[in-house]
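> give the three-dimensional model of this entry:
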Amino acid sequence: MSRITGLLVLVLALMLPFTAAQPGFAFDASNDRGEQIFSSNCAACHMGGGNVIRASRSLKIRDLNAHLEEYQQDPLEAIEHQIEDGKNAMPSYAGKLSEAEIIAVATYVEQQAELGW
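Numbering: from 1, shown residues only. Next comes the predicted model:
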């Protein structure tokens, strides 16, 4: 192996831990953003995944399955639609939150539901 090739391999090997950590870092930042948006906009009614207005419409998996159309086919998309369109007492957040914010909070809700809140 030439000296330059050896140096290149060494540099790449040293960079690997930093590049491998980037997706996790991005995920953590996105999850933090989703949690912040949820706390600011949703927690008043959905604290801890519950629902203070209609107890049967919580953010727990069993209730999401029972009340969100298409939840079993595409959970994230079903949650995004609910956030965008609202329904009954829940207001629409289309125009109030950006698409990126809606995706972030929907992802947070889905992850929390999977973890059991």
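
> low-confidence ranges, this structure, go.
Applying pLDDT under 70 to the chain flags the ranges 1-27.

> 50 instead?
Scanning the chain for pLDDT under 50 picks out 7-8, 11, 18-25.

> any idea how far Ser40 lies from Tyr93?
Distance of Ser40 to Tyr93, computed by CB to CB, to the nearest Å: 11 Å. For glycine as for every other residue, the C-beta is placed from the backbone atoms N, C-alpha and C.

> neighbour count for these two, which is higher?
Comparing Ser40 with Tyr93 by other CB atoms under 10 Å, the one with more neighbours is Tyr93, at 20 against 12.

> so who does the residue nearest to that one when sequence neighbours are not counted touch?
Excluding its sequence neighbours, the residue lying closest to Tyr93 (CB to CB, 6 or more residues apart in numbering) is Ile83, at 5.1 Å. Counting by CB atoms under 8 Å, 6 or more residues apart in numbering, Ile83 makes contact with Tyr93, Leu97, Ile102, Val105, Ala106.

> again, 10 Å this time
By CB atoms under 10 Å, 6 or more residues apart in numbering, the contact set of Ile83 is 37, 41-42, 90-94, 96-97, 101-103, 105-106, 109.

> buried ones among those residues?
With burial judged by 16 or more other CB atoms under 10 Å, the buried subset of these is Ile37, Asn41, Cys42, Met90, Tyr93, Leu97, Glu101, Ile102, Ile103, Val105, Ala106, Val109.

> what's the closest of those residues to Asp74?
If you rank the buried ones among the contacts of Ile83 by distance to Asp74 using CB to CB, Ala106 comes first, at 10.9 Å.

> am I right that that closest one is in a strand?
No. Applying DSSP: H, G, I helix; E, B strand; the rest coil, one finds Ala106 to be helix, outside a strand.

> ok, it touching Glu84?
Yes. With contacts defined as CB atoms under 10 Å, Ala106 counts as touching Glu84 at a distance of 9.2 Å.

> returning to what we had before: anything in contact with each of Ser40 and Tyr93?
Glu101, Val105.
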